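Novice: structure for the following, please:
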Amino acid sequence: MFVGTYTPRLDDKGRLFLPAKFRERFAEGLVLTKGQERAIYVWTAADFQAFTERIRNTPFTNKATRDFVRVLFAGASDDAPDKQGRITIPPPLREYARLGRDCVVVGAGERVEIWEAQSWADYSEAQEESFAQLSEEVIEGLF
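Specialist: Numbers count the residues shown, from 1 in each chain. Coordinates of the predicted model:
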């Protein structure tokens, strides 16, 4: 499971150091793709494969499913960390997430998310009040 918040910097070549505690999990490869709220999702190759297997069970007659799958796969790129633990974020994904030099890497359970620093700060602040106010179960049986 990926947890925590980290603040690496993007270099001029579009490379980003993965947090050291994540590197071993990504050693066999990873997939980057567009995520919601203009974040970039980073999956281990195996977890992305498992996720796509779940998608195969959804009906393609559903337009929302087709739209989601198209955006997910069209924006995807596979990679592997270099010997220093850096990954290269392709220009289209950097543009999508509006990444500049300052980034935030967030552990999000089975995946990692890469955010532009100010976008993460804004999102995080906006969510804090609603997170604190939750009085119902978000996921049935969780609390």
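Novice: can you pull up the most central residue in the protein?
Specialist: The C-alpha lying nearest the average C-alpha coordinate of the chain belongs to residue 41 (C-alpha atoms, centre = their mean; 1.8 Å).
Novice: which helix in this structure has the most residues?
Specialist: Looking only at the chain and at elements set by DSSP state H, the helix with the highest residue count is helix 117-133.
Novice: buried sites along it?
Specialist: Residues of helix 117-133 classed as buried under the neighbour-count rule (16 or more other C-beta atoms under 10 Å) are 119-120, 123. The C-beta positions use only the backbone N, C-alpha and C, and glycine is treated the same way.
Novice: tell me the phi and psi of the closest residue to residue 7 other than its chain neighbours?
Specialist: Leaving aside its sequence neighbours, residue 7 sits nearest to residue 104 (C-beta to C-beta, 6 or more residues apart in numbering; 5.8 Å). The main-chain torsion angles of residue 104 are listed as degrees, to the nearest 10 and equal phi -130, psi 130.
Novice: residues touching residue 104, list them.
Specialist: 5-7, 114-117, 120-121 (C-beta atoms under 8 Å, 6 or more residues apart in numbering).
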